[in-house]
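Undergrad: Task: produce atomic coordinates for the following.
(one chain, ligands or ions: 1)
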Amino acid sequence: MRLKDKVAIVTGAGSGIGRAAAMLFAAEGAKLILADLDNADETAEAIGANARGYAADAGDEDSIRRLVRQAEEHFGGLDIMFANAGISGGLKGIFEQTPEDWQEILRVNLIGPWLAVKHAAPAIKERGGGSIICTASVAGLRAGAGGPAYSASKAGVISLVETAAAQLVGSNVRVNAICPGLIETGMTAPIYQWARDKGRGASIGQLNPLQRGGEPDEIAKAALFLASDESSYVNGHAMVVDGGLSASHPFRKLAYGQTAA
Ligand SMILES: NC(=O)c1ccc[n+]([C@@H]2O[C@H](COP(=O)([O-])OP(=O)(O)OC[C@H]3O[C@@H](n4cnc5c(N)ncnc54)[C@H](O)[C@@H]3O)[C@@H](O)[C@H]2O)c1
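TA: Numbers count the residues shown, from 1 in each chain. All right, here's what the predicted structure looks like:
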């Protein structure tokens with residue numbers, strides 16, 4: 001029960017990583033305010049009395065403000081904010097994306113986490129401290145894992161947690177990011193489906209040394225670590241959870257034990 005009696009908000013809780021984190025946080029004793037555009041209720045119902053689901057836009061300031069208030073009204077305060085909601089915005093390139101594409105992707109993926117920090121931090125501070133976790137991506141580390149606006153938004157999230165951790169000095173509120181690699185969720189379902197339809201399901205995740213895609217629960221476990229007191233001295237950090245994908249420059253792959261010579 002690593003989150004016993006803690007109160008957490010999870011955005012993007014209706015699917016994928018957010019849903020897995022909500023289920024895991026609940027199993028570890030947390031009380032939960034779950035937010036998504038329209039499917040947070042299903043996750044809340046699967047958890048039971050300790051969770052409430054709300055339709056909320058994670059990139060909208062009033063919505064975030066309301067979620068924090070709901071945590072205070074229903075559960076007496078806030079200890080943990082998992083700003084996880086995000087959109088890929090598709091795979092259009094530099095020449096195809098429009099300013100509107102960029103505005104929406106940055107609004108949800110970067111302004112959303114900033115709003116989460118802005119409104120959750122004071123409430124968490126009131127409880128004596130706690131943890132804010134933002135979902136970034138390996139796409140924020142370097143190119144090749146998303147469209148241009150998506151990648152820029154996730155690089156921004158990594159910068160945000162560094163700046164926020166520094167600016168929250170003395171508050172005992174820690175702010176960290178998680179950078180998932182390829183995880184099978186609603187967001188990546190079309191990629192997985194495309195590969196499987198072509199009979200190439202076995203090639204999914206082959207670019208990382210573990211040679212597989214990740215599961216939402218593997219990111220949820222990282223979020224649990226960052227949410228709990230086990231990570232009490234981890235602050236301003238972007239934790240990469242990608243099977244080793246981003247650990248290496250591109251290279252000609254060899255079999256296990258084989259040498260290049
Ligand atoms: N799946 C991956 O491979 C992968 C890799 C790196 C990072 N991520 C990040 O993980 C996070 C979770 O995505 P996922 O992979 O679980 O995808 P997902 O599509 O399964 O879940 C994302 C959820 O966020 C919700 N959402 C989207 N816009 C929202 C908004 N404005 N307000 C509230 N909710 C909104 C969606 O409705 C959805 O339920 C995202 O930030 C994503 O960028 C995913």
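
Undergrad: what sits against the closest residue to Leu168 other than its chain neighbours?
TA: Nearest residue to Leu168 in three dimensions, chain neighbours excluded: Ala121, at 5.7 Å (CB to CB, 6 or more residues apart in numbering). To be clear about C-beta, it is placed using only N, CA and C from the backbone, and glycine gets the same treatment. Contact analysis of Ala121 by CB atoms under 8 Å, 6 or more residues apart in numbering lists 132, 164, 168, 171, 173, 175.

Undergrad: Could you report the distance from Ala121 to the ligand?
TA: For Ala121, the distance to the ligand equals 19 Å [CB to the nearest ligand atom, to the nearest Å].

Undergrad: tell me the pLDDT at that residue?
TA: Looking at Ala121, its pLDDT stands at 99.

Undergrad: name the element it belongs to?
TA: Applying DSSP states H and E as the criterion places Ala121 in helix 112-126.

Undergrad: Does the ligand have contacts with the longest helix along the chain?
TA: Criterion DSSP state H: the longest helix present in the chain is helix 148-167. No: using CB under 6 Å from any ligand atom, helix 148-167 never reaches the ligand; the gap is at least 6.8 Å.

Undergrad: Give me the distance between that helix and the centre of its chain.
TA: With CA atoms, centre = their mean, to the nearest Å as the basis, helix 148-167 stands 12 Å off its chain's centre.

Undergrad: cool, and stretch 225-239?
TA: 14 Å.

Undergrad: Give the buried residues for that stretch.
TA: For stretch 225-239, burial by neighbour count (16 or more other CB atoms under 10 Å) applies to 225-228, 231, 235-239.

Undergrad: Same list, the contacts of Ala121, but as CSV with pLDDT and neighbour count please.
TA: Shown next, in CSV, are these (pLDDT from 0 to 100; neighbours: other CB atoms under 10 Å):
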residue, pLDDT, neighbour count
Ile132, 99, 28
Ala164, 98, 24
Leu168, 98, 21
Ser171, 98, 17
Val173, 99, 25
Val175, 99, 30
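
Undergrad: Work out which residue lies at the spatial centre of the protein.
TA: The residue lying closest to the centre of the chain (CA atoms, centre = their mean) is Thr135, at 2.5 Å.

Undergrad: per-residue pLDDT, that one?
TA: Looking at Thr135, its pLDDT reads 99.

Undergrad: Show me what it is bridged to.
TA: According to DSSP bridges, the partner residues bridging Thr135 are Ile178.

Undergrad: Look up how far Val10 lies from it.
TA: Note on Thr135: its distance to Val10, by CB to CB, to the nearest Å, is 10 Å.

Undergrad: Same question for Leu3.
TA: Applying CB to CB to Leu3 and Val10 gives a distance of 12 Å.

Undergrad: again, but for Tyr54
TA: Distance, Tyr54 to Val10, by CB to CB: 11 Å.

Undergrad: Please enumerate the shared neighbours of these two.
TA: Residues touching both Tyr54 and Val10 (CB under 8 Å, 6+ apart): 33-35.

Undergrad: Please list which of these are also close to the ligand.
TA: Among the shared contacts of Tyr54 and Val10, proximity to the ligand is found for Ala35 (CB under 6 Å from any ligand atom).

Undergrad: how about TSV for the shared contacts of Tyr54 and Val10, with pLDDT added?
TA: Putting these into TSV (pLDDT from 0 to 100) gives the following:
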residue	pLDDT
Ile33	99
Leu34	98
Ala35	98
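
Undergrad: And the residue nearest to the centre of the chain, how close does it get to Arg142?
TA: The value you get for Thr135 to Arg142, if CB to CB is used, is 17 Å.

Undergrad: on that earlier part again, which residues are in contact with each of Thr135 and Val10?
TA: Common neighbours of Thr135 and Val10 are listed as 82, 84 (criterion: CB under 8 Å, 6+ apart).
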